[in-house]
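Colleague: I need the structure of the sequence given here:
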Amino acid sequence: MTSPDKRRSRRIRIGQPLKIRVSDPKDAGAEETNVTKNVSREGIYFVSPRSAYYEGMRIYVTVPHHEPRDKQDREYLGQVVRVENHDDGQYGIAVQFLTEVNPSK
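Modeller: Predicted coordinates:
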């Protein structure tokens, strides 16, 4: 029996550039730039080679991420809700957005 899907919004498979920053200095090993595998209004999923992520971890996520910063870029405080170990040594990271940081007016 499969577990019921708890998602409230549809996921879209899209590779958007993203930047991860930690909210707690003890988690410094988790900072990176990467690309999403899928996105929704409530969160993102990406694959990382880093084992530093854990359930409940709070992170800042900028998606999409451009350098230099673009007016489309949005930063969120998020929480890691799932970490999956992939066979290739990578980790699937599911992040739920908690709030937008400095939303545009």
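Colleague: mind listing what residue 52 touches?
Modeller: By Cβ atoms under 8 Å, 6 or more residues apart in numbering, residue 52 lies in contact with 27, 29, 30. All C-beta spots, glycine's among them, are computed from the backbone N, C-alpha and C.
Colleague: nearest residue to the last one other than its sequence neighbours?
Modeller: Just to be clear, that refers to residue 30. residue 52 (4.0 Å; Cβ to Cβ, 6 or more residues apart in numbering).
Colleague: got the phi and psi for the one you found?
Modeller: With angles defined as degrees, to the nearest 10, residue 52 shows backbone torsions of phi -80, psi -10.
Colleague: also residue 26?
Modeller: Dihedral angles (degrees, to the nearest 10) for residue 26: phi -70, psi -10.
Colleague: any idea how far it lies from residue 42?
Modeller: Relative to residue 42, residue 26 is positioned 27 Å away (criterion: Cβ to Cβ, to the nearest Å).
Colleague: of the two, who's got more company?
Modeller: Residue environment comparison for residue 26 versus residue 42 gives the larger neighbour count to residue 42, 15 against 6, counting by other Cβ atoms under 10 Å.
Colleague: ok but residue 27 is inside a helix, no?
Modeller: Yes. According to DSSP: H, G, I helix; E, B strand; the rest coil, residue 27 belongs to a helix.
Colleague: give me the pLDDT for it.
Modeller: Each residue has a pLDDT score; the one for residue 27 is 87.
Colleague: same question for the one 10 residues further on.
Modeller: Reading off the per-residue confidence, residue 37 sits at a pLDDT of 97.
Colleague: that one - nearest residue in space that isn't next to it in sequence?
Modeller: Leaving aside its sequence neighbours, residue 37 is closest to residue 45 (5.0 Å, by Cβ to Cβ, 6+ apart).
Colleague: which of the contacts of residue 52 ranks first by neighbour count?
Modeller: When neighbours are counted as other Cβ under 10 Å, the busiest of the contacts of residue 52 turns out to be residue 30, with 19 neighbours.
Colleague: mind saving the C-alpha coords of stretch 30-41 as CSV?
Modeller: C-alpha atoms of stretch 30-41 as CSV (Å, rounded to 0.1, in the frame of the first residue of the first chain):
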residue,chain,number,x,y,z
ALA,A,30,25.3,22.5,3.2
GLU,A,31,25.9,25.8,1.3
GLU,A,32,25.8,25.3,-2.4
THR,A,33,24.4,26.3,-5.8
ASN,A,34,22.5,23.7,-7.6
VAL,A,35,19.5,23.0,-10.0
THR,A,36,16.0,22.0,-9.0
LYS,A,37,14.5,18.7,-10.2
ASN,A,38,11.0,19.9,-9.5
VAL,A,39,9.2,22.8,-8.0
SER,A,40,5.8,23.8,-6.6
ARG,A,41,4.4,26.9,-4.9
